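A predicted structure for the sequence below; I have some questions about it.
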Amino acid sequence: MTEGAREWRSLRGVRIGHPHGSALRQGSTASANPPCYRGSMLTRRSAIASGASALLSSTFLSRVEASPSPWQVVDRPSDSRAGSTTQSALSGRPVFIPNVSEPPMPAIAPPGPVLNGEPTTAFDVAKLSSGHPDACSHRRRFGLLIPATNTTMESELWNIVVRNREHGLDGVGLHTSPVLTPKPDVGSPEGIEQYRRHFCSGVASAVNSAMLAGPQYLILGMSLEHIISGIEPIRATADQLMQGSVLSWATWHDASKAALQRFGARRIGLITPFERSGNESAARMFRDMGFEVVSTFGFACANAQHIAHIPNEAKERAVLELLATKANRLDAVVQCGTNMGMTAVAEKLEPRIGIPILGINATLLWYALRESGIQTPVHHAGRLLREF
């Protein structure tokens, strides 16, 4: 039995503990000092406006490593759930997919099925609980973590899944858990800093909720580069969030790098809903990963929920007139910000501009599907899902 399988039993039907336990379970706001941001890491305005210095990044990493896990599993039983572990072709990491249909499934309460309030022998209990799959999410059950202000990502991903049920995505389910970040204000460095400080405990609480659905793989539907500057602090934060979780996660920095490498892209242009400092931080992440950021454009939305209201016509103009120009000689256009839908724009403009448009939502779904073993080509969502 693999370590992943041994861990899985502890997650199925077991309460997931959190350092702020009962307060978060009762729906209170996140702690002002979430576990992975204790102290004053990267709190200076200049660290947000122009990117973290080497010293600040070092401080950030050391404190992330020293802080306790954002959540912990408690009351572990000694037995285990079965599952399979494969080596991912994208990340090269082992990916454990738990068997969510292992008997008894569904578990039947004694004395068994009832008819008009009385036990009935109409059904054989052993057969009824012999390991039936989820009627809707029988192929893969994804847990989707998105900001509570996000009205776009879940809709965009479901649209892709539903339109491809006859092309291999029948039985793929998305089970959304909102990440609570009180009163997000992304129009100023101070607002971004507050958003960042509450991020970790918000994700921890969302994971606790997501695990109640028994997901097989998690998708982090957030642009960490907007609130954390530099790929190493971003990776450290993601690793800290994933610590203690047996499941694999799709993250934007991993997914975008893998997608760009599949296209052999080096020169990229960024389109985001961010203001200047957010764009600078996003550009830094891609430069840190080895790409040349030729140009960036941000809509400078001052409210996270308002990002969903950016019209597709404006996105199209930004791509055609400001990014994918002859002078820029781009290999790809990359879109950040999960509340800013890009699938329809990519489908419309990719044939016209001759280069891929990698929207964050479609790219995260692509990564999650491929990492979890679903390799079928996906249509109506851009070149990436169709070609790789």
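Yep, that arrived.

and residue 230, how many neighbours does it have?
By the criterion of other CB atoms under 10 Å, residue 230 has 24 neighbours. (Each C-beta comes from the backbone N, C-alpha and C, glycine too.)

was I right about it contacting residue 288?
Yes. Counting by CB atoms under 8 Å, residue 230 touches residue 288, with 6.2 Å between them.

wait, what's in contact with the residue nearest in space to the middle of the chain?
By CA atoms, centre = their mean, the chain has its centre lying nearest to residue 220, at 1.5 Å. By CB atoms under 8 Å, 6 or more residues apart in numbering, the residues touching residue 220 are 145, 203, 238, 241, 249, 250, 251, 252, 364.

From residue 158, how far out is it?
Counting by CB to CB, to the nearest Å, the gap from residue 220 to residue 158 is 18 Å.

Likewise for residue 147?
17 Å.

Residue 253 too?
For residue 253, the distance to residue 158 - CB to CB - is 24 Å.

what's the biggest helix by length in the chain packed up against?
Longest helix of the chain, by residue count under DSSP state H: helix 189-210. Under the contact criterion of 3 or more CB pairs under 8 Å, 6 or more residues apart in numbering; DSSP states H and E, helix 189-210 touches helix 21-25, helix 45-50, strand 140-147, strand 172-179, strand 217-220, helix 231-242, helix 276-288.

Which residue is the nearest non-sequential neighbour of residue 84?
Nearest residue to residue 84, sequence neighbours excluded (CB to CB, 6 or more residues apart in numbering): residue 97, at 5.4 Å.

Give me the three-state assignment for the one you found.
Counting by DSSP: H, G, I helix; E, B strand; the rest coil, the backbone at residue 97 sits in strand.

how deep is it tucked in, by neighbour count?
Residues contacting residue 97 under the criterion other CB under 10 Å number 20.

That one against residue 371, yeah?
No. Counting by CB under 8 Å, residue 97 stays clear of residue 371, with 9.7 Å between them.

Find residues that contact each of the two.
With CB under 8 Å, 6+ apart as the test, residue 97 and residue 371 both reach residue 217.

hmm, back to that, taking the contacts of residue 220, please make a ChimeraX selection of just the buried ones.
Only the buried entries of these go into this ChimeraX selection, using 16 or more other CB atoms under 10 Å:
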select :145,203,238,241,249,250,251,252,364
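
Residue 327: which of the contacts of residue 220 is nearest?
residue 252 (27.8 Å; CB to CB).

How about the contacts made by the closest one?
220, 222, 223, 224, 225, 336, 360, 363, 364.

My guess is the third one contacts residue 282. True?
If I follow you right, that is residue 223. Yes. Here residue 223 reaches residue 282: they are 7.3 Å apart, a contact under CB under 8 Å.

in the stretch 151-300 of the chain, which ranges drop under the pLDDT threshold?
182-187, 192-193 (pLDDT under 70).

residue ranges of the strands in the stretch 251-388 of the chain, please?
Counting by DSSP state E, counting those that start in this stretch, the stretch 251-388 of the chain has these strands, from start to end: 267-272, 292-298, 332-335, 357-359.

do the stretch 51-200 of the chain as well
According to DSSP E, counting those that start in this stretch, the strands that the stretch 51-200 of the chain contains are 72-73, 83-87, 94-98, 114-115, 118-119, 140-147, 172-179.

Who are the packing partners of the third one?
Using 3+ CB pairs under 8 Å, 6+ apart as the contact test, the elements touching strand 94-98 are helix 3-11, strand 83-87.

Isn't residue 93 up against residue 248?
Yes. Between residue 93 and residue 248 a contact is recorded at 7.2 Å, counting by CB under 8 Å.

Among these two, which residue is more densely surrounded?
Shown here are residue 93 and residue 248; by other CB under 10 Å, residue 248 has more neighbours (21 against 10).

Is that one in contact with residue 87, as I believe?
No. The pair residue 248 and residue 87 fails to qualify as a contact (CB under 8 Å) at a distance of 11.7 Å.

so what sits against both of those two?
Joint contacts of residue 248 and residue 87 (CB under 8 Å, 6+ apart) are 93, 95.

Look up which residues are beta-bridged to residue 142.
Beta-bridge partners for residue 142, by DSSP bridges, are residue 174, residue 217.
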